[in-house]
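Q: Give me the fold of what follows.
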Amino acid sequence: MKNLPLLLLFTLLTMSFAQDLTQMPNAPSFPNGPQPGVELGADHEKKPAKDAPADSEAGLGLSQPSYKARFGSRDKFGYYLSETYLNASLVTAPAFHAGIRTANPPGKGATRYPLEWRQGAEGFGRNYGDAFAQRLSFHTARFASGALIHEDPRYIPSGSHNMLARSVHALTFTLVGRSDSGHAMPAISNFIGAAVAGFVGNAYLPAGFNNATHAGQRATLQFGMAAAGNLFREFAPQMPRPVRTLVQLIAR
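A: Numbering: from 1, shown residues only. Modelled structure (predicted):
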């Protein structure tokens, strides 16, 4: 993937910036933690957050335990199930992406998608399966790799009120995550998840689109979607509820 060396370089350059975030006196809470009904691991410290968000945010599933609360293996598995399967976007997000791909198939002329991939119910079904496989591959690879290297999958919102600073924080968090102990570390699980999601299509996509070049392009796009997801998590509490719900259904 041509862009991977640049992304890795930028990761190293932003490590010092991200390290400062972990040393804030009052670390903000995560907007993506264990969902209601998911049993917490035995090692999860059930300590109330000092600066609890408003009730309106709590009802959105955005209020989470304080950062000091350890996120154990069972918590990570519950988070994976919630993000991947236990929400309506399991069906709606791949359908949205498949609709776009069917309406605007990649390639031109002789290199265009085959007819069976771009017309009618068959074309939509093929593209839906591709979008579903990419989504499942990204979340599964991200969960598995994060569990192995002890990387915390939760997002930490910015403590700033400046929109630009919050945006930079969200994008940086795509490259630099946190370990289980709370220290800054390269977000390796994002890179692995994006790579797996990009290359999984080589097993079934039509000829001309099942090579390393196209896989790298798909991986780069998936990584960009992960960055967009962090931006959404950062600003979701301030979004109107209909807008927030729509984004969750088509892009989660």
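Q: Now do the helix or strand hosting residue 195: which elements does it pack against?
A: With secondary structure defined by DSSP states H and E, residue 195 is part of helix 188-199. Applying 3 or more Cβ pairs under 8 Å, 6 or more residues apart in numbering; DSSP states H and E, we find helix 188-199 packed against helix 4-22, helix 120-149, strand 176-179, helix 212-235. All C-beta atoms are positioned from the backbone trio N, CA, C, and that covers glycine.
Q: now the angle from the longest one to helix 188-199?
A: Yep, that's helix 120-149 we're talking about. 150 degrees (axes from the mean of the first three to the mean of the last three Cα atoms, to 10 degrees).
Q: From residue 212, how far out is residue 197?
A: 14 Å (Cβ to Cβ, to the nearest Å).
Q: Tell me which of these two has more neighbours.
A: Taking other Cβ atoms under 10 Å, residue 197 and residue 212 do not tie; residue 197 has more neighbours (27 against 11).
Q: separation between the closest residue to residue 107 other than its chain neighbours and residue 137?
A: Using Cβ to Cβ, 6 or more residues apart in numbering and skipping residues adjacent in sequence, the residue nearest residue 107 is residue 113, 5.6 Å away. Separation of residue 113 from residue 137 (Cβ to Cβ): 20 Å.
Q: Kindly report which residue of the protein is located farthest from the centre.
A: residue 110 (34.5 Å; Cα atoms, centre = their mean).
Q: Could you check how far that residue is from residue 205?
A: Counting by Cβ to Cβ - residue 110 and residue 205 are separated by 17 Å.
Q: How about residue 248?
A: Residue 248 is 28 Å from residue 205, by Cβ to Cβ.
Q: Ok, residue 92 next?
A: 23 Å.
Q: Which one of these two is surrounded by more residues?
A: residue 205 (20 against 16).
Q: burial of residue 233, as a residue count?
A: So residue 233, with other Cβ under 10 Å, has 19 neighbours.
Q: Report pLDDT for it.
A: With respect to pLDDT, residue 233 has a value of 96.
Q: my read: it touches residue 157, true?
A: Yes - between residue 233 and residue 157 there is a contact under Cβ atoms under 8 Å: 7.0 Å.
Q: Residue 135 and residue 95 touch, don't they?
A: No - checked against Cβ under 8 Å, the pair residue 135 and residue 95 is beyond contact range at 11.0 Å.
Q: So between these two, which is more surrounded?
A: For residue 135 versus residue 95, the count of surrounding residues by other Cβ under 10 Å is larger for residue 135: 20 against 16.
Q: what bits of the chain have low per-residue confidence?
A: 1-69 (pLDDT under 70).
Q: Now for the spatially most central residue of the chain: which residues touch it?
A: Compute the mean C-alpha point of the chain, and by Cα atoms, centre = their mean the closest residue is residue 226, 4.1 Å away. Residues counted as contacts of residue 226 (Cβ atoms under 8 Å, 6 or more residues apart in numbering) are 138, 174, 190, 193, 194.
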